[in-house]
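[1] what's the 3D shape of this:
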Amino acid sequence: MPAEPADVLPVERRPDGVAVLTLNDPGRRNAMSDELTAAWKKTIGELRADAGLRCVVVTGAGSAFSSGGNLSWLADTGSVAVPPLRDRMLEFYRTWLTIRALEVPTIAAVNGHAVGAGLCLALACDLRYAAEDAKLLAPFTALGLHPGMAATWLFPEVAGLPLAREMLLAGRVLTGTEAAAHGLVNRAVPREAVLDEAVAVAEKIAAQAPIATRLTKVALSNGGHPDMESALRWESLAQPVTMSSEDMLEGLAAQREKRSPQFTGE
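    Numbers count the residues shown, from 1 in each chain. Prediction:
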């Protein structure tokens, strides 16, 4: 019997608008199996429709964040024509990268090893907090594979071309601590503190004005604006949208009254 989505991808819905998603297949080091992929597609679709959502945290169960794509079927692909393989891989990539389409900030709590497509999933999030001893690697070419899941976009976007080339061409492996030094993750912390660190940041995000936060997230997506003029045109529209919100009045009142604001997203 196929696993239920709640089994392989439990979701903790917190009252502050934070959702914590756990890749829950520790026996396979949270590999992106068909079952987990289907659960991911369903869950992200539900989150996109949630107006009360303010931040999403993704982590893994057990000792790994994710070991990436399930490699068990690759040995049989030699007899399959390229077009159907291309269609299968494109659907797989797009399903997992739907996390980029969420308008709320997303955080990867990299509790352990993040490999290949699993590392790409972490890079697709807005922020990353990693275990100091986690191993981050993308061994595509060592397996005879071209990188996938937008690796050739995500690695340069997050950490720049020099590190992207070293990891994707030379197979460099980084610890969480080294990844933080290179900007591949925002911060490295002891393994037992990774989820708490990510959730603490998520709580800070959830406490900010939702409209302003969503618009800022969109503005920073895909590497930000192509030039300053594009940024100015976006901001000249987005900032007046927030100026007309109840949240701005609440933010100003809270500052004046020296209290914490209570934003409603209106």
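[2] quick one: contacts of stretch 186-201?
    18, 20, 57, 59, 107-112, 127-134, 175-177, 179-180 (CB atoms under 8 Å, 6 or more residues apart in numbering). Quick note: C-beta positions are derived from backbone N, CA and C, even for glycine.
[3] now swap in stretch 146-165 and tell me
    Outside stretch 146-165, the residues that reach it (CB under 8 Å, 6+ apart) are 69, 89, 92-93, 96-97, 116-117, 120-121, 123-124, 138, 140-141, 167-168, 172, 182-184, 222-223.
[4] how close does the residue nearest to the spatial centre of the chain get to Glu203?
    Taking CA atoms, centre = their mean, the centroid of the chain lies closest to Cys125, which sits 2.3 Å from it. Using CB to CB, to the nearest Å, Cys125 is found at 16 Å from Glu203.
[5] about what we covered before: from the contacts of stretch 186-201, which would you call buried?
    18, 20, 57, 59, 107-112, 127-132, 134, 175-177, 179-180 (16 or more other CB atoms under 10 Å).
[6] where does this structure dip in pLDDT?
    For the chain, applying pLDDT under 70 flags the ranges 1-6, 72-80.
[7] which parts of the stretch 1-150 of the chain are strands?
    11-13, 18-23, 55-60, 64-66, 106-110, 113-115, 127-131, 135-137 (DSSP state E, counting those that start in this stretch).
[8] what's the closest of those strands to Glu35?
    Nearest to Glu35 among the strands of the stretch 1-150 of the chain is strand 18-23 (11.3 Å), distances taken as CB to CB.
[9] distance from the chain centre to the helix or strand hosting Thr152, please.
    In this structure, Thr152 sits in helix 151-159 according to DSSP states H and E. Distance of helix 151-159 from its chain centroid, counting by CA atoms, centre = their mean, to the nearest Å, is 13 Å.
[10] just stretch 242-254 next, same as before
    Worked out by CA atoms, centre = their mean, stretch 242-254 lies 29 Å from the chain centre.
[11] Leu121 is in contact with Ala138, correct?
    No: between Ala138 and Leu121 no contact is recorded; they are 11.7 Å apart, counting by CB atoms under 8 Å.
[12] quick one: neighbours of Gly223, just the number.
    Gly223 is flanked by 10 other residues according to other CB atoms under 10 Å.
[13] so the nearest residue to it once chain neighbours are set aside versus Ala150, what's the distance?
    Once flanking residues are discounted, Gly223 sits nearest to Glu157: 5.3 Å by CB to CB, 6 or more residues apart in numbering. The gap separating Glu157 from Ala150 is 9 Å, by CB to CB.
[14] also Arg187?
    Arg187 is 23 Å from Ala150, by CB to CB.
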